[in-house]
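Participant: predicted model and sequence below, questions to follow.
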Amino acid sequence: MHWLDYSTDNCSIQRTLDVVGDKWSMIVLRELFNGVCRFDQIRWHTGISEPVLSNRLRRLVDAEVLETVPYRESGRRTRQEYRLTTKGRGLYPVLIALMQWGDQYRIDPEGPAVTVQHRECGNPVEAIVRCTGGHDLQHPRDAQAVPGPAARALQR
């Protein structure tokens, strides 16, 4: 395959970034993965402005990455909590990989601000690139891009 012979119009990476490809969407997902699911809590913890947060939450709900669940505190109006859907939970390895990269290349001199550990054994969680045959890939050169069923040759 010669990469430049194929269109990228229907690229899965591009389509994923259409949904979560901005800083604030990923920060919102981080909060939800860490159990923060109410608008005011997310806004307070992250410093995201109300309009930006509203926009990101709406986009993630529209993309079915999040769903809303009503809740009501005593004496207050009904509000919405945000929960990860199956599609949203599928982004967990992406966040772990981003954190891993940051821990390697953008870390504070004192170390990471947060670590993620396996609940059962306490060992660190890491994202690993592995083929379905069980081989761990150590370098991008260990893999190759090949045309998939939806590959479209560029029209010249």
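Facilitator: On my side now, so go ahead.
Participant: what's the distance between stretch 18-36 and the middle of its chain?
Facilitator: Distance of stretch 18-36 from the chain centroid (CA atoms, centre = their mean, to the nearest Å) equals 6 Å.
Participant: who touches the residue nearest the centre of the chain in this structure?
Facilitator: Nearest to the mean C-alpha position of the chain, counting by CA atoms, centre = their mean, stands Leu91 at 4.2 Å. Going by CB atoms under 8 Å, 6 or more residues apart in numbering, Leu91 touches Val20, Leu29, Val65. Any C-beta I mention is one placed from the backbone N, CA and C, and that applies to glycine too.
Participant: what is the least confident helix or strand in the chain?
Facilitator: Of all the helices and strands that make up the chain, helix 12-20 has the lowest average by mean pLDDT, DSSP states H and E, namely a mean of 94.
Participant: elements contacting that one?
Facilitator: helix 23-33, helix 50-62 (3 or more CB pairs under 8 Å, 6 or more residues apart in numbering; DSSP states H and E).
Participant: which strands or helices does the longest one pack on?
Facilitator: If you count contacts as 3+ CB pairs under 8 Å, 6+ apart, helix 50-62 packs onto helix 12-20, helix 23-33, helix 39-46, strand 66-71, strand 79-84.
Participant: out of those, nearest to Val129?
Facilitator: For the helices and strands packed on helix 50-62, the distance to Val129 is smallest for helix 12-20, at 14.4 Å, taking CB to CB.
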